[in-house]
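Participant: Okay, structure incoming, though there's no sequence with it:
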């Protein structure tokens, strides 16, 4: 009986929130979304900054879609396991820039998911047209 209770205690300790909290989202690497876009993020430095590239699968243009550079930052890179982040993509095929903000989540199986929101600003010919420049 003593060995069974010892194993049960060990199992409960391994399943406790503190054991799960030790696992952290890692933004570095290749990410794909449900629309077929993908991005590659470099290693995050000690200040939390990173760079990479974004290849979108969707665009409101007839131009050839090109891989575009991105620059970003992760909040407190060494801290909590589900960090917030933001990055900017400078589109190489359009006169626009997109900013993304989000958070990395890790489920109990270790699967990482990025939840993001974005704003795109395109160039317009005059200030009078600025109202239609942001999506």
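Facilitator: Noted; the coordinates are in hand. This one's a predicted model, so the numbers in the text were calculated from it and none came from an experiment.
Participant: Phi and psi next, for the residue lying closest to residue 103 once chain neighbours are set aside.
Facilitator: Take residue 103 and drop its neighbours on the chain: the residue closest to it by CB to CB, 6 or more residues apart in numbering is residue 84, 4.9 Å away. Just so you know, the C-beta spots here come from the backbone N, C-alpha and C atoms, and that holds for glycine as well. Summarising the backbone geometry of residue 84 under the convention degrees, to the nearest 10, its torsions are phi -90, psi 160.
Participant: The residue positioned nearest the centre of the chain in helix, strand or coil?
Facilitator: Residue closest to the average C-alpha location in the chain (CA atoms, centre = their mean): residue 114, at 4.7 Å. Here residue 114 is recorded as strand under DSSP: H, G, I helix; E, B strand; the rest coil.
Participant: Bridged to it, which residues?
Facilitator: residue 104 (DSSP bridges).
Participant: Does the residue nearest to residue 103 touch residue 74 like I think?
Facilitator: Yes - counting by CB atoms under 8 Å, residue 74 is a contact partner of residue 84 at 7.4 Å.
Participant: out of those two, which sits in the more crowded spot?
Facilitator: residue 74 (24 against 13; other CB atoms under 10 Å).
Participant: For that one, give me its contacts.
Facilitator: Residue 74 is in contact with 27, 44, 48, 49, 50, 83, 84, 85, counting by CB atoms under 8 Å, 6 or more residues apart in numbering.
Participant: again with residue 70
Facilitator: Residues counted as contacts of residue 70 (CB under 8 Å, 6+ apart) are 39, 41, 51, 52, 53, 54, 87, 88, 89, 90.
Participant: Secondary structure element for it, which one?
Facilitator: Using DSSP states H and E, the element containing residue 70 is strand 68-74.
Participant: Can you name the element that comes right after that strand?
Facilitator: strand 84-90.
Participant: Before I go, just wanted to say thanks for your time.
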